[in-house]
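Participant: Structure for this input, please:
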Amino acid sequence: MPRSAAPDAPPAVPGAAGAGDAVAGGASTAGAPSGSRPSLGQVLDFAWGRGPFTATEAMAGASLTRSTTIDAIDTLVEAGIVRELPNARDAGQYSGGRPARRFELPSDLGAVIAIDAGDTHLGVTVTDLARTPLAHRRTDLDRHHTVGQRRAVILQHLDAALTSSGVPRDRVLALCAGVAAPVARNGSSPPHPDGFWERTNPGLAELLAGWAPVVEIKNDAVLAAAAEGDLGEAVGCRDYIALVAGERFGAGAVVDGHILHGAHGGVGEMVLFDHVRGVDSADGLGPTITRIAGELLASGEAAADGALARLAAEGLTADRVLALAETGDVDAARVVRDTGAFLARVVAVLGSTYDPERVIICGAIAESIQPVLDAARDVLRPLLDLPAPAILRSKLGADIVLAGAVSTALAAARTAGLPQLVARRLQG
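Facilitator: Numbers count the residues shown, from 1 in each chain. Okay, the predicted model is just below:
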């Protein structure tokens with residue numbers, strides 16, 4: 001299994017207890033199956049992501065006696081949870097003495113489902129316990145859909161993805177869905193003045209409850225933070241902000257290793273920027289780049305016959321403006337500098353509020369945003385009394401929310417879904 005599933009470095013994500021209870025980069029361990037011996041949970045935790053192991057290795061890793069370890073392993077083998085492998089001699093890796101028995105927790109024992117239910121898009125991924133993708137679907141969503149229509153589309157694509165994966169529904173150990181709304185610990189979202197949060201989270205906790213033993217509904221920026229802590233620019237970091245920065249700002253805040261949550265899941269809501277002079281809205285970097293470019297042209301500060309003006313005639317987009325700046329165009333470079341100054345104010349507010357070591361710009365826009373980050377660094381330091389955080393570009397791309405949902409679902413599978421599976425099998 002990859003690093004995210006390794007037993008000595010479990011995902012920096014919320015587990016089954018809910019966001020805010022997690023420790024980024026901290027231990028995430030399997031509980032003992034209900035009604036079973038604690039030694040089973042200890043061996044399961046050791047085996048998670050380990051690959052082939054011997055009883056001697058499990059004994060040391062789980063801190064159990066040899067007889068207890070062997071008894072626990074044999075019980076898990078009989079239950080079809082742990083798989084016994086050919087011994088070292090049969091595998092051609094041993095030539096002297098009595099070969100040790102070898103075991104593994106197979107990655108195809110179960111699967112997890114990750115969902116990214118954005119404002120205008122839906123992504124669904126099914127992976128095995130080694131994070132290997134088994135199925136992936138992505139489609140556009142109509143923002144004018146009713147709650148009922150949105151729920152129906154989500155169920156349709158969820159069912160199609162699971163069917164495509166070939167995984168029986170009773171082998172799904174956990175599901176995590178990310179939504180563009182604050183999410184309380186029970187999976188619900190508070191009412192929004194325009195009904196936006198109710199539409200983007202149309203009662204998913206209730207809708208998806210029967211799809212897995214553990215179902216997590218999370219804010220999309222929280223999942224971006226989970227992904228960065230597990231796989232990205234925040235691995236090993238205990239204080240950082242994952243700033244989803246495409247169309248609208250949203251922040252996943254990690255302080256002292258904990259993913260912050262709040263009473264209603266609203267810690268990362270960025271409506272506060274409506275009230276910050278020089279920022280004035282929660283619009284992300286995409287709309288900000290096009291707004292600044294349009295303002296430069298309207299004010300006459302950009303050449304009326306220049307490349308930026310010609311681009312405006314075709315339709316301004318952030319990607320086009322950034323690409324033009326890369327060619328050395330003076331007007332587009334001005335847009336980059338001004339956007340950098342705008343971003344510096346945003347980071348300064350986050351820096352003063354959360355004191356992060358790093359602020360990571362996330363989402364599809366991160367791929368081309370580096371010149372803006374460079375410009376922001378040039379003006380950030382005087383805006384803060386505290387040491388300025390590093391401003392970094394995420395490398396996890398447009399599917400960062402799905403990546404965080406997979407990490408979260410795997411953590412939930414490890415701590416709750418797998419022990420529940422063991423308990424069911426032991427009960428017959």
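
Participant: give me the low-pLDDT residue ranges for the chain?
Facilitator: 1-36, 88-98 (pLDDT under 70).

Participant: now the strands for it?
Facilitator: Counting by DSSP state E, one finds strands in the chain at the ranges 53-54, 83-85, 102-104, 111-117, 121-128, 133-140, 172-179, 215-219, 240-244, 250-255, 258-259, 358-362, 390-393.

Participant: Tell me which of those strands is the most buried.
Facilitator: For those, the stretch with the most neighbours on average is strand 240-244, a mean of 31; neighbours defined as mean count of other Cβ atoms under 10 Å. For the C-beta atoms, the positions are set from N, CA and C on the backbone; glycine is no exception.

Participant: That strand - contacts with which helices or strands?
Facilitator: The helices and strands touching strand 240-244, judged by 3 or more Cβ pairs under 8 Å, 6 or more residues apart in numbering; DSSP states H and E, are helix 220-231, strand 250-255, helix 330-354, strand 358-362.

Participant: Return the distance of the second one from the chain's centre.
Facilitator: Here the centre of mass of C-alpha atoms in strand 250-255, compared against the chain's by Cα atoms, centre = their mean, to the nearest Å, lies 12 Å away.

Participant: relative to helix 220-231, how tilted is that strand?
Facilitator: 50 degrees (axes from the mean of the first three to the mean of the last three Cα atoms, to 10 degrees).

Participant: Identify the residues contacting strand 250-255?
Facilitator: The set of residues external to strand 250-255 that reach it, using Cβ atoms under 8 Å, 6 or more residues apart in numbering, is 12, 24, 180, 219-226, 228-229, 234, 237-244, 259-260, 267-270, 350, 354-356.

Participant: and these, which are buried?
Facilitator: Among those, those classed as buried by 16 or more other Cβ atoms under 10 Å are 12, 24, 180, 219-226, 228-229, 234, 237-244, 259-260, 267-270, 350, 354, 356.

Participant: how near is residue 171 to residue 413?
Facilitator: Taking Cβ to Cβ, to the nearest Å as the criterion, residue 171 is separated from residue 413 by 11 Å.

Participant: who's more crowded, these two?
Facilitator: Per other Cβ atoms under 10 Å, whichever of residue 171 and residue 413 has more neighbours is residue 413, with 31 against 16.

Participant: ok, that one touching residue 109?
Facilitator: No - in this structure, residue 413 is not within contact of residue 109 by Cβ atoms under 8 Å, at 9.6 Å.

Participant: what's the overlap in contacts for the two?
Facilitator: With Cβ under 8 Å, 6+ apart applied, the overlap between the contact sets of residue 413 and residue 109 consists of residue 129.

Participant: Which one, of the strands of the chain, ends up nearest to residue 375?
Facilitator: Distances from residue 375 to each of the strands of the chain were compared using Cβ to Cβ; the shortest belongs to strand 390-393, at 10.0 Å.

Participant: Would you give the sheet partners of the closest one, along with the direction of each?
Facilitator: Strands adjacent to strand 390-393 in the sheet, as given by DSSP bridges, are strand 358-362 (parallel).

Participant: For the strand it pairs with, what is the distance to the chain centroid?
Facilitator: Distance, stretch centre to chain centre, for strand 358-362: 13 Å (Cα atoms, centre = their mean).
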